[in-house]
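**Q** Give me a model of this one.
(chains A and B)
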Protein chains: 2
Amino acid sequence: MKIAVLGTGMVGRTIAGRLDELGHEVVIGTRDPEATRARDDAPTLPLAAVPDAVADAEVVVNATNGTASIAMLSLAGAELLAGKVLLDIANPLDFSNGFPPTLLVKDTDSLGEQVQRAFPDARVVKSLNTLTADLMVRPDLLPEGTSVFVSGDDASAKATVTALLEEFGHTDVIDLGDITTARGTEMMLPVWLRLMGALGTANFNFKIVR
Amino acid sequence: MKIAVLGTGMVGRTIAGRLDELGHEVVIGTRDPEATRARDDAPTLPLAAVPDAVADAEVVVNATNGTASIAMLSLAGAELLAGKVLLDIANPLDFSNGFPPTLLVKDTDSLGEQVQRAFPDARVVKSLNTLTADLMVRPDLLPEGTSVFVSGDDASAKATVTALLEEFGHTDVIDLGDITTARGTEMMLPVWLRLMGALGTANFNFKIVR
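**A** Next comes the predicted model:
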């Protein structure tokens, strides 16, 4: 599958690397490919400017910082994103008052919904925003199966994302409902951050036992 | 142990019944014991007005509605609550705009902290607010062990609550830290509510796999 990953931070690199390993045709979209290539830690996968990365992609992964997501996606624009599956992994974390961060949007709205409203013809699916990057793509690193969630208005887009999650190794993908249910998973971040502190590791995940 | 349970709703009745079954000396504190006794579904356990219920208790359980918690606890007052372990199970849910409810307080404050500030010498421990009443007291009804959390400023109060949770059957009690970490567990309610919708049952719980 042709997949554009936006974001060159830990999440974007981890997702892109794993998708490549699984045989997908991956391009990393960045604001300035020349500057990214010049970095010491430049990704080895193909790099392109955001519109070029997005143009041919069937799936676009938003792995940017939550505060920059709308701006980065706007570099592609609503027309280029129309019809595409947009997997939104970002969380609207606000670190401006220190650690732990608070949420810039919550409870009556979510970043997932903001992205869907900004790009109304994209088929936004919120997922993978509730666990650390390494476990997003290799859940088998944990001693037992855990749960991930999908939220979105488009059933076939959720099916596409669910299939990718299963390729990563996820065995319990829970469909929470429409994109407004992203409020639920984004609001898991405050307890996730405190669990990371209490457990002394980011290598944990939620399993919904029922 | 002498335990006062405040609240005659499902959570209060379930907690009180289970504590009685485990051999604790339980009294249910209610605003108006006569009116509660006259109800068709009156509890069979001893009933008392809130100050009488609290006076002799070593542990006070706040199982009231989150919107009524401070008012109910105020019937006992800061002096009577001083020094006591106050297990706060309530969530600050606001149903005024329909379902799913939103949170009256979140992210930069929590009901747990509001209770601690209102009754500064009580030893508040937030716990059990992340699962349904039946599973709070009988986690073995699920097919495998799950996790619950404690948040509070007083280590010995958390130890007392943890011992009670273990009597209920909990095998993974995670100490998140001070009472501000109640922000994390109270903010799990939005995803809990959506999981209940998606799964069609309240009989599930979070397990932190690590």
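
**Q** Report whether the longest helix belonging to chain A contacts chain B.
**A** Ranked by residue count, the top helix of chain A under DSSP state H comes out as helix A:155-168. No. Counting by Cβ under 8 Å from any Cβ of the partner chain, chain B has no neighbours in helix A:155-168; the shortest distance is 12.0 Å. Placement of C-beta: from N, CA and C, glycine included.

**Q** State the mean pLDDT of that helix.
**A** With pLDDT averaged residue by residue, helix A:155-168 scores 98.

**Q** Dump the C-alpha coordinates for the helix or strand that it is followed by into CSV.
**A** On the C-terminal side of helix A:155-168, the nearest following helix or strand under DSSP states H and E is strand A:173-177. Only the C-alpha atoms of strand A:173-177 are listed here, as CSV (Å, rounded to 0.1, in the frame of the first residue of the first chain):
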residue,chain,number,x,y,z
VAL,A,173,-8.8,-3.6,17.9
ILE,A,174,-11.9,-2.1,19.5
ASP,A,175,-14.1,0.1,17.3
LEU,A,176,-15.3,2.8,19.7
GLY,A,177,-17.6,4.5,17.1
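
**Q** quick one: contacts of strand A:173-177?
**A** Residues from elsewhere that reach strand A:173-177, judged by Cβ atoms under 8 Å, 6 or more residues apart in numbering or on different chains: A:127, A:147-151, A:158, A:162, A:165-166, A:184-185, A:208, B:191, B:194-195, B:197-199.

**Q** ok, now which ones touch the most centrally placed residue in chain A?
**A** When chain A is reduced to its mean C-alpha position, the nearest residue by Cα atoms, centre = their mean turns out to be A:Ile89, at 1.9 Å. Neighbouring residues of A:Ile89 by Cβ under 8 Å, 6+ apart: A:Val11, A:Ile15, A:Val61, A:Asn62, A:Ala63, A:Ser127, A:Leu128, A:Asn129, A:Met136.

**Q** ok, now A:Asp32?
**A** When contacts are counted by Cβ under 8 Å, 6+ apart, A:Asp32 is found next to A:Ala49.

**Q** which outside residues touch stretch A:156-168?
**A** For stretch A:156-168, the surrounding residues in contact (Cβ under 8 Å, 6+ apart) are A:1, A:18-19, A:22, A:59, A:85-87, A:123-125, A:127-128, A:136-139, A:148, A:150, A:152, A:173, A:175.

**Q** separation between A:Ile28 and A:Val50?
**A** Separation of A:Ile28 from A:Val50 (Cβ to Cβ, to the nearest Å): 10 Å.

**Q** Comparing the two, which residue is more hemmed in?
**A** With neighbours defined as other Cβ atoms under 10 Å in any protein chain shown, A:Ile28 and A:Val50 compare such that A:Ile28 has more, 29 against 24.

**Q** Confirm that one sits in a strand?
**A** Yes. Counting by DSSP: H, G, I helix; E, B strand; the rest coil, A:Ile28 is part of a strand.

**Q** Identify the residues contacting it.
**A** Neighbouring residues of A:Ile28 by Cβ under 8 Å, 6+ apart: A:4-6, A:8, A:12-13, A:16, A:36, A:43, A:45-48, A:53.

**Q** What of A:Thr180?
**A** Listed by Cβ under 8 Å, 6+ apart, the contact set of A:Thr180 reads A:Ser110, A:Glu113, A:Ser151.

**Q** Could you report the separation of it from A:Val124?
**A** Here the criterion is Cβ to Cβ. By it, A:Thr180 lies 11 Å from A:Val124.

**Q** about what we covered before: quick check on the contacts of A:Thr180: which are buried?
**A** Burial by neighbour count, 16 or more other Cβ atoms under 10 Å in any protein chain shown: within the contacts of A:Thr180 this picks out A:Ser110, A:Glu113, A:Ser151.

**Q** Widest-spaced pair of the contacts of A:Ile89?
**A** The two members of the contacts of A:Ile89 with the most space between them (Cβ to Cβ) are A:Asn62 and A:Met136, at 13.2 Å.

**Q** on that earlier part again, now list whatever residues contact both of A:Ile28 and A:Val50.
**A** Counting by Cβ under 8 Å, 6+ apart, the residues touching both A:Ile28 and A:Val50 are A:Leu6.

**Q** buried set for stretch A:10-23?
**A** Of the residues in stretch A:10-23, those buried under the neighbour-count criterion (16+ other Cβ under 10 Å) are A:Val11, A:Gly12, A:Arg13, A:Thr14, A:Ile15, A:Ala16, A:Gly17, A:Arg18, A:Leu19, A:Asp20.

**Q** Going by distance to B:Asn97, which of these wins?
**A** Distances from B:Asn97 to the buried residues of stretch A:10-23, taken as Cβ to Cβ, are shortest for A:Val11 (33.5 Å).

**Q** Now that closest one: which helix or strand?
**A** Under the assignment given by DSSP H and E, the secondary-structure element containing A:Val11 is helix A:10-21.

**Q** quick check, A:Thr64 in a strand?
**A** No. Counting by three-state DSSP, A:Thr64 is not found in a strand; it is coil.

**Q** Just give the number of residues close to it.
**A** By other Cβ under 10 Å, neighbour count at A:Thr64 equals 26.

**Q** before we move on, the earlier item: need the buried ones from the contacts of stretch A:156-168 selected in ChimeraX.
**A** With 16+ other Cβ under 10 Å as the burial test, the buried ones among the contacts of stretch A:156-168 are selected in ChimeraX as follows:
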select /A:1,18,19,59,85,86,87,123,124,125,127,128,136,137,139,148,150,152,173,175
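
**Q** Please flag which of the contacts of stretch A:156-168 sit within strands.
**A** For the contacts of stretch A:156-168, the ones inside strands are A:59, A:85-87, A:123-125, A:127, A:148, A:150, A:152, A:173, A:175, with DSSP state E as the criterion.

**Q** Tabulate those in CSV, adding columns for pLDDT and distance to B:Arg117.
**A** Converted to CSV, the ones in strands among the contacts of stretch A:156-168 look like this (pLDDT from 0 to 100; distance: Cβ to Cβ, whole Å):
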residue, pLDDT, distance to B:Arg117
A:Val59, 98, 48
A:Val85, 98, 46
A:Leu86, 98, 43
A:Leu87, 98, 41
A:Arg123, 98, 45
A:Val124, 99, 40
A:Val125, 99, 40
A:Ser127, 99, 37
A:Val148, 99, 37
A:Val150, 99, 39
A:Gly152, 99, 40
A:Val173, 98, 41
A:Asp175, 98, 40
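
**Q** Quick check: A:Met1 vs A:Glu58, distance?
**A** 5 Å.

**Q** repeat for A:Asn205
**A** The gap separating A:Asn205 from A:Glu58 is 27 Å, by Cβ to Cβ.

**Q** Neighbour count: the two, which is higher?
**A** With neighbours defined as other Cβ under 10 Å, A:Asn205 and A:Glu58 compare such that A:Asn205 has more, 25 against 14.
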